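Visitor: pasting the sequence and the predicted coordinates here, then a few questions.
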Amino acid sequence: MILTEEGIHQFIEKIMRNKFNISELFIKCSPNKSTNVKPYALLSVKGVKGIHQEDTYYENLEENIIACDFSWLEPISQYLNVPLEATIQVDEDGNFDNRAIQIKFRIDIPKKVNSLTSFLYPRIKRFVILNEYIESVRVFGSKGYLTKLYFHMNIDALKVSKLLKEKQLNRSILNQWITALNRVENESVQKEMFDSKFEVIAGKINLEFQTELVSQYFELGKYFTNISIRNGDKAWVD
């Protein structure tokens, strides 16, 4: 298990004390040290406070969290070995909707890697096995270099563990992804910053339609250092 039973029990006790009626459970997990942060997992919930629940409600919550760890959280974290954020819908009885779990995965890319293809290939390869659950890919970078990739998935926890065991790789899709991401980087050489989202259709990254963020950076130092306050007090400058 990634989560300890003691930690899960303490989490449930916090929910009980606050009498939460939960609508969503959030999981953040960073299994590696690539970000210079110790591996960790974080549970949090969203809901209405001050609503009395029967003991069975909290028992269901605890059992569902443990089952969640065994069924997909531990296997997928060990296999992909990248940071993830998951959102799970919780019903009125404290049970999870395990057929539609929203998960966002992140791959951090060091600046100026010698070969983008060589860096991405072993990492992307793992995601391709789960391509049927990937809805979109977000590409972020600056000064012509990819720096982060985000994979947005909607998984069925009952089926994903089977895919991880079988590990059937579709090399056609893998090659299409590598080619697509190299093309995005090549076409972004002149951009100070880029942030684009591409839909994944039939397992392939669709470059024809994208959602893109356009931004402009402004330096405000000179403006703020010239500000004076009418009452004669000196302006605060950090």
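Guide: Received it, and whenever you're ready, just let me know what you need.
Visitor: for residue 91, the count of nearby residues, please.
Guide: For residue 91, the tally of surrounding residues (other C-beta atoms under 10 Å) stands at 12. Heads up, the C-betas are built off the backbone N, CA and C, glycines and all.
Visitor: spatially nearest residue to it (excluding sequence neighbours)?
Guide: Excluding the flanking residues, the one nearest residue 91 by C-beta to C-beta, 6 or more residues apart in numbering is residue 97, at 7.0 Å.
Visitor: torsion angles phi and psi at that neighbour?
Guide: phi -90, psi 90 (degrees, to the nearest 10).
Visitor: on the pLDDT front, check it for me.
Guide: On pLDDT, residue 97 comes in at 94.
Visitor: now it: how far from residue 157?
Guide: 9 Å (C-beta to C-beta, to the nearest Å).
Visitor: between the two, which is the more surrounded one?
Guide: residue 157 (21 against 12).
Visitor: ok, the closest residue to that one other than its chain neighbours to residue 18 distance?
Guide: In space, and not counting its chain neighbours, residue 157 is closest to residue 98: 4.0 Å by C-beta to C-beta, 6+ apart. Applying C-beta to C-beta, the value for residue 98 to residue 18 is 25 Å.
Visitor: neighbour count: those two, which is higher?
Guide: residue 98 (19 against 12).
Visitor: so that one touches residue 156, yeah?
Guide: Yes. If you go by C-beta atoms under 8 Å, residue 98 and residue 156 touch, sitting 7.2 Å apart.
Visitor: which residues touch the residue nearest in space to the middle of the chain?
Guide: In the chain, the residue lying closest to the centroid (C-alpha atoms, centre = their mean) is residue 104, at 2.7 Å. Taking C-beta atoms under 8 Å, 6 or more residues apart in numbering, we find residue 104 in contact with 84, 85, 86, 150, 151, 152, 153.
Visitor: helices or strands up against the longest helix along the chain?
Guide: Looking across the chain with DSSP state H, the single longest helix is helix 171-186. For helix 171-186, the packing partners by 3 or more C-beta pairs under 8 Å, 6 or more residues apart in numbering; DSSP states H and E come out as helix 116-128, strand 134-142, strand 145-155, strand 193-201, strand 204-213.
Visitor: next one: that helix to chain centre, how far?
Guide: 21 Å (C-alpha atoms, centre = their mean, to the nearest Å).
Visitor: count of neighbours near residue 24?
Guide: 14.
Visitor: in what helix or strand does the residue nearest to the centre of the chain lie?
Guide: strand 101-108 (DSSP states H and E).
Visitor: report the buried residues of that strand.
Guide: 101, 102, 103, 104, 105, 106, 107 (16 or more other C-beta atoms under 10 Å).
Visitor: partner strands of that strand, with direction?
Guide: strand 84-89 (antiparallel), strand 145-155 (antiparallel) (DSSP bridges).
Visitor: still on that earlier bit, so what sits against both of residue 97 and residue 157?
Guide: With C-beta under 8 Å, 6+ apart, residue 97 and residue 157 have no common neighbours.
Visitor: end-to-end on stretch 139-158?
Guide: The straight-line separation of the ends of stretch 139-158 (C-alpha to C-alpha, to the nearest Å) is 29 Å.
Visitor: what does it contact?
Guide: Under C-beta under 8 Å, 6+ apart, the answer for stretch 139-158 is 68, 71-72, 98-109, 111-112, 116, 127, 130, 133-138, 181, 184-185, 188-198.
Visitor: returning to what we had before: who's in contact with the longest helix of the chain?
Guide: Contacts of helix 171-186 (C-beta under 8 Å, 6+ apart): 116-117, 120-121, 124-125, 127-128, 131, 139, 141, 144-146, 149, 194, 196, 198, 203-205, 207.
Visitor: that older thread, and the residue nearest to the residue nearest to the centre of the chain when sequence neighbours are not counted, how many neighbours?
Guide: Spatially, and ignoring its direct neighbours in sequence, residue 104 is nearest to residue 85 (4.8 Å; C-beta to C-beta, 6+ apart). Residue 85: 16 surrounding residues under other C-beta under 10 Å.
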